[in-house]
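Participant: here is a sequence with its predicted model. Questions after.
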Amino acid sequence: MIKNVFFEGRNLTIVHEIGTQKRINIGVTIYKAIFTSKHIVLLLSWEELNGTEFHNRNIICLDEAGQMLWRIVNQDTLSISKERTNYAWSSLKLKNNECI
């Protein structure tokens with residue numbers, strides 16, 4: 001189970017309940033991290049992802065081992081026009097310890 005999460009730049013440190021720590025280089029600057037006992041959700045630098053295959057997909061979810069479970073969909077793919085936009089996410093909040 002996850003006890004705490006710290007980040008600096010591209011590096012994420014997961015502190016487990018049993019006292020072990022895991023440090024992971026995410027590869028993109030982390031702007032914000034929220035977590036529960038089993039999941040970590042990160043808001044990543046949209047500027048660094050702009051122009052890559054992860055354009056507008058700057059929120060990811062990791063499990064307690066640091067493995068990526070999912071990445072948010074690019075909302076451009078959901079629009080009728082499919083026009084390229086720059087509408088990456090800019091905030092992240094955990095409500096009631098269960099809803100993002």
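Facilitator: On my side now, so go ahead.

Participant: run through the helices of this protein in chain order.
Facilitator: Using DSSP state H, the helices of the chain run over residues 46-49.

Participant: Ser91 touches Trp46, doesn't it?
Facilitator: No: between Ser91 and Trp46 there is no contact under CB atoms under 8 Å: 11.6 Å. C-beta coordinates here come from the backbone N, C-alpha and C atoms, glycine included.

Participant: between these two, which has more neighbouring residues?
Facilitator: The neighbour comparison of Ser91 against Trp46 (other CB atoms under 10 Å) goes to Trp46, with 21 against 7.

Participant: what pLDDT does the model give that one?
Facilitator: Looking at Trp46, its pLDDT reads 92.

Participant: can you list contacts of the least confident helix or strand in the chain by mean pLDDT?
Facilitator: Least confident helix or strand of the chain, by mean pLDDT, DSSP states H and E, is helix 46-49 with a mean of 93. With contact meaning CB atoms under 8 Å, 6 or more residues apart in numbering, helix 46-49 is reached by Val28, Thr29, His55, Asn56, Arg57, Asn58, Asn86, Ala88, Trp89, Ser90.

Participant: number of residues surrounding the residue lying closest to the fourth one once chain neighbours are set aside?
Facilitator: Of all residues beyond its chain neighbours, the one nearest Asn56 is Asn74 (4.3 Å), with distances taken as CB to CB, 6 or more residues apart in numbering. Applying the criterion other CB under 10 Å, we find 19 residues in the vicinity of Asn74.

Participant: Ile34 too?
Facilitator: Neighbours around Ile34, by other CB under 10 Å: 17.

Participant: my guess is it contacts Ser91. True?
Facilitator: No: using CB under 8 Å, Ile34 is not in contact with Ser91, being 10.6 Å away.
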